[in-house]
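Peer 1: let's see this in three dimensions:
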Amino acid sequence: MVAIKDALSKDHVGKKVQVKGWIYRTRSSGGIVFAVLRDSTGIIQVTVKKGNVPDAEFENATKSGIESSVIIEGEVAEDKRAPGGFEIRASKFQLVGIAEAFPITEYQSTELLLDLRHLWIRSREQTAVAKVKAALVRGGREWFHDNGYVEVNPPIVTGVCPEDSTTLFQMKYFDRIAYLSQSAQFYLESLIFSLEKVYAITPSFRAEKSRTPRHLAEFWHMEMEAAWLDNDENMKVQEGLVSAMVQNVVAECSEELRLLKRDPASLKKMEPPFDRMKYDEAMEYLQKKGHDVSWGSDLGAVEERTLTVDRDTPVFIVNYPKELKPFYMKENPEDKRTYKNSDLLAPEGFGEIIGGSERETDNNLIIERLREKGESLDNYQWYLDLRKYGSVPHSGFGLGIERIVTWVCKLEHIRDAIPYPRTVARVYP
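Peer 2: Here you go, the predicted model:
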């Protein structure tokens, strides 16, 4: 047996091969069936001629509809009219699993495709996105490993809130209340005192009633924390990581990128350093572009698009006002209204993909901020302990994996960056 991708080669012309897969397209004309077969590696045309296979097999070929699973044996031939320029001229057609009339046709509504997600993930586009995503994550893991980081496994069920307590998914945990994790950050912080440099890839959950093209209620998070790292060094880590992830995709998934209408050459330029823009400068730029913003305004999707739509590489927005960001960030000594933090925005209007900061090490300031938020200190005692026993300067960040996939694949909506999207309106299938 050979993979379809391998069969699409001059090396196999004139040779007999066996391929296994599913019918992607099919039509018949008199005594010949033209079927396009797909497997996980690609598609290839198969021609089944009456008389070249047993009559029963030809009959099976004529009745095998889209998504029927088959095993084909035959000789590879060049044909410029065929997808990929090659076809298999069948000498054997084995019908493994016949498919009923496939409910997804060429033009379907978004809602139907979401209802039939378990079938739509078979599409070539979704297959390509999945491969790009895997290559991005693999590139990230390799970069972390090469730079001395240890992968760890923080809990998903938690009793603390790193972000906004109003967006927690609450659950009954035996005889008490617990929450689904918004972020692994606090647990990663605890591990830097032994391992120094750690990262984790985990699901995160945000109960945000948001219907924007870049929000999911359940998403995958690549998060890092490192001891002895300030915010400037933190941004350098982000540059190196994102570049490594993107370059790995270019190396491994050029065909998938082209299928998704992303030119791999446009991604090769994602090399450090990335531009940096202070929050103040961003406000001035947005005002000149006609946005009604002022100091203290948050950057939403519209504002981030304006800041990045004409860029072809990512940009850091640094030193946000304190009121816009969580309590655990380090105060900026050069402007005490702001934090030593950054958001990394993807180019071409795709917006934020990473949020990071240097972490506050002064327990008094943390306690003051928690009280201002109305949080119970009892829930955070273990987190406060981290500053009592040998605290050190440290920084970290969280990268939204589906967000970087959305950018790299040029997707219109983040829901297509994950096989089964969970949004405010959808938990099926």
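
Peer 1: which stretches of the stretch 151-300 of the chain have low pLDDT?
Peer 2: Applying pLDDT under 70 to the stretch 151-300 of the chain flags no residue at all.

Peer 1: if we go to 90?
Peer 2: Filtered on pLDDT under 90, the stretch 151-300 of the chain yields the residue ranges 159-167, 209-212.

Peer 1: residue ranges for the helices of it, please.
Peer 2: 185-195, 231-252, 254-259, 264-267, 279-288 (DSSP state H, counting those that start in this stretch).

Peer 1: buried residues, the longest one. List them.
Peer 2: By neighbour count with 16 or more other Cβ atoms under 10 Å, helix 231-252 contains the buried residues 231, 234-235, 237-250, 252. Where you see a C-beta, it was placed from the backbone N, CA and C, and this is true even at glycine.

Peer 1: just the shortest one next, same as before
Peer 2: If you call a residue buried by 16+ other Cβ under 10 Å, then helix 264-267 has these buried ones: Pro264, Leu267.

Peer 1: ok, now the last one?
Peer 2: Within helix 279-288, the residues that qualify as buried by neighbour count (16+ other Cβ under 10 Å) are Tyr279, Ala282, Met283, Leu286.

Peer 1: show me what contacts the last one?
Peer 2: When you say that, I think you mean Leu286. By Cβ atoms under 8 Å, 6 or more residues apart in numbering, the contact set of Leu286 is Val293, Glu303, Thr306, Leu307.

Peer 1: next structured bit after the host helix or strand of the third one?
Peer 2: Which is Thr306. In the assignment (DSSP states H and E), Thr306 maps to helix 301-308. Toward the C-terminus, helix 301-308 is succeeded by strand 315-318 as the next helix or strand (DSSP H and E).

Peer 1: any idea which helix or strand comes after that following strand?
Peer 2: strand 341-346.

Peer 1: just checking, what packs against that following strand?
Peer 2: Packing contacts for strand 341-346, counted by 3 or more Cβ pairs under 8 Å, 6 or more residues apart in numbering; DSSP states H and E, involve helix 231-252, helix 301-308, strand 315-318, strand 351-358, helix 401-408.

Peer 1: from the middle of its chain, how far away would it be?
Peer 2: 17 Å (Cα atoms, centre = their mean, to the nearest Å).

Peer 1: list of residues touching it?
Peer 2: 231, 234-235, 238, 242, 274, 276, 299, 304, 307-308, 314-320, 325, 329-330, 351-358, 403-404, 407.

Peer 1: pull out the buried residues from these.
Peer 2: Looks like these have 231, 234-235, 238, 242, 274, 299, 304, 307-308, 314-320, 325, 329-330, 351-358, 403-404, 407 buried, using 16+ other Cβ under 10 Å.

Peer 1: can you list the residues that contact stretch 61-71?
Peer 2: With contacts defined as Cβ under 8 Å, 6+ apart, stretch 61-71 is touched by 18-26, 28, 33, 35, 37, 48, 53, 90, 92-102, 119, 122.

Peer 1: PyMOL command for the buried members of these?
Peer 2: The buried residues among the contacts of stretch 61-71 can be selected in PyMOL (16+ other Cβ under 10 Å) with this line:
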select buried, resi 19+20+21+22+23+24+26+33+35+37+48+53+90+93+94+95
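
Peer 1: which of the contacts of stretch 61-71 fall within strands?
Peer 2: Counting by DSSP state E, the part of those found in strands is 18-26, 28, 33, 35, 37, 48, 90, 92-97.

Peer 1: any idea how far apart the tips of stretch 60-72 sit?
Peer 2: Terminal residues of stretch 60-72 lie 12 Å apart, using Cα to Cα, to the nearest Å.
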